[in-house]
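Colleague: one predicted model, sequence on top.
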Amino acid sequence: MTEHETRADAGTAARREAALHAERRLTDATGRPFGFDTNAIHAGYEPDAQTGAINVPIYTSTTFAQDGVAQLRGGFEYSRCGNPTVTALEQTVAALEGARFGRAWGSGMAATDAVLRVLLRPGDHLILGNDAYGGTFRLIDTTYREWGVHCSVVDTADPAQIAAALRPETKLVWLETPTNPLLGITDIAAVADALGEHPAKLVVDNTFASPYLQNPLALGADIVMHSTTKYLGGHSDVVGGVVVTNDEDVDGELLFLQGGAGAVPGPMDAYLTYRGIKTLGVRMDRHCANAQAVAEFLAGRPEIAQVLYPGLPDHPGHAVAARQMRGFGAMVSVRFAGGEAPALQFCENTRLICLAESLGGVESLLEHPAKMTHQSAAGSALEVPDDLVRISVGIENIDDLLADLTQALDAL
Ligand code: P1T
């Protein structure tokens, strides 16, 4: 949408934009599709025609000169409604998710809010997984509830529960897989089947997997949301969100909201995220290998009652994860045999692994969800146990990580 188009024009604008975003996955001269890493590096941007700049410039311009009244030179008018650096990010994530359309937002929560605002009206109903980021639950349980939206919370690992919760006014099913923070796994294709002909949209928050490990659109999801603050950015230095879809009507509404409500990223933030994505594949390989080693190590420690990691064969979602993911991710949660006290103490005992919220950066972090990221879910169906510690396993030397975990457990 451009600054002066009305909401009704947004569909037309979306179709024009579609040409920019369509079929972003690249092929070589013979038509052979390039692999993930090649797309991550090249899909969003070609060297600048004028200067040959290998990297997308950080277009700090708020506005763009017009060749005549309402005649846009390069498709850009005003940076709230479109910016070339932001477009490079959107095209890259769309390519990596196999989507026609991608829209970037100022945070993951802004992306979530945009999807909810596009799909829901007062009196509507949505279905939410019983384990999800606390901020997602909080937004639905406050702003959207006050707006007259009804929510059913179900275990999305059991698609029959979703089918049973569907109502005529259900507009969307929102799920995470793996979930935050309990690392539950949902069979995305089975949920898409359970929805059948029901018009509710299936939305997957793919933040924990990243597009390198899982592509929900190919499994039947309608919309994929990412907090790019995590693995896509990858360096804990930029907050952002992206929504991708093949649904032109949904994308038209998202495009309208970008310009109409304005929760878009700035060009510097978009660039940092875009830059991070170039190394997503190599980072995720190391993240996954380190996480598997951390999970196996923790499973052998007497202080730990349970390790929640889909890469462990005894995880209830292991078989589904092995089928729908290319790796098991790098989030590992543990429940302490001694309850909350050792869990809290452990969080303060690690030295290399930093006590902090967030995840997906190169550095390992850990946190206590019940008192930190998921505090707003206390007393709800999404409440998390107080003996739980969540670890975002980074890409440091694995011996150093295991040594830190060892000393932190030994000191309990
Ligand atoms: O923080 P933000 O970029 O706004 O993204 C929100 C969000 C959405 N979805 C998932 C699965 C998330 O994990 C998050 C953010 N999560 C944290 C900050 C956290 O520590 O869990």
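Modeller: Happy to help now that I have it.

Colleague: residue contacts, the residue nearest to T245 when sequence neighbours are not counted?
Modeller: Among residues not flanking T245 along the chain, I223 sits closest, at 4.6 Å (Cβ to Cβ, 6 or more residues apart in numbering). No exception for glycine: its C-beta is placed from N, CA and C like everyone else's. By Cβ atoms under 8 Å, 6 or more residues apart in numbering, the contact list for I223 reads V115, K201, L202, V203, V204, V243, V244, T245, D247, V250.

Colleague: mind listing what the first one touches?
Modeller: In this case it means V115. L172, V203, I223, M225, V243, L254.

Colleague: got a winner among these for most neighbours?
Modeller: V243 (31 neighbours; other Cβ atoms under 10 Å).

Colleague: tell me the strands beside the helix or strand harbouring that one, with direction?
Modeller: Assigned by DSSP states H and E, V243 belongs to strand 241-245. Strand 241-245 pairs in its sheet with strand 101-105 (antiparallel), strand 223-227 (antiparallel), by DSSP bridges.

Colleague: now mean pLDDT and distance to the ligand too, for the ones you listed, in JSON lines please.
Modeller: Below are those laid out as JSON lines (pLDDT from 0 to 100; distance: least, Cβ to the nearest ligand atom, whole Å):
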{"stretch": "strand 101-105", "mean pLDDT": "97", "distance to the ligand": "9"}
{"stretch": "strand 223-227", "mean pLDDT": "98", "distance to the ligand": "3"}
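
Colleague: between these, which gets nearest to T179?
Modeller: Ranking the strands paired with strand 241-245 by proximity to T179 (Cβ to Cβ) places strand 223-227 first, at 13.7 Å.

Colleague: now the strands paired with strand 241-245 in a markdown table, with distance to R167?
Modeller: A markdown table is the format used below for these (distance: least, Cβ to Cβ, whole Å):
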| stretch | distance to R167 |
| --- | --- |
| strand 101-105 | 28 |
| strand 223-227 | 20 |
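
Colleague: so what's the closest residue to C288 other than its chain neighbours up against?
Modeller: Leaving out its chain neighbours, the residue that sits closest to C288 by Cβ to Cβ, 6+ apart is G327, at 4.0 Å. Taking Cβ under 8 Å, 6+ apart, we find G327 in contact with Y212, L213, M284, D285, C288, G311.

Colleague: and for M331, nearest residue in space, chain neighbours not counted?
Modeller: That would be F208: by Cβ to Cβ, 6+ apart, it lies 5.6 Å from M331.
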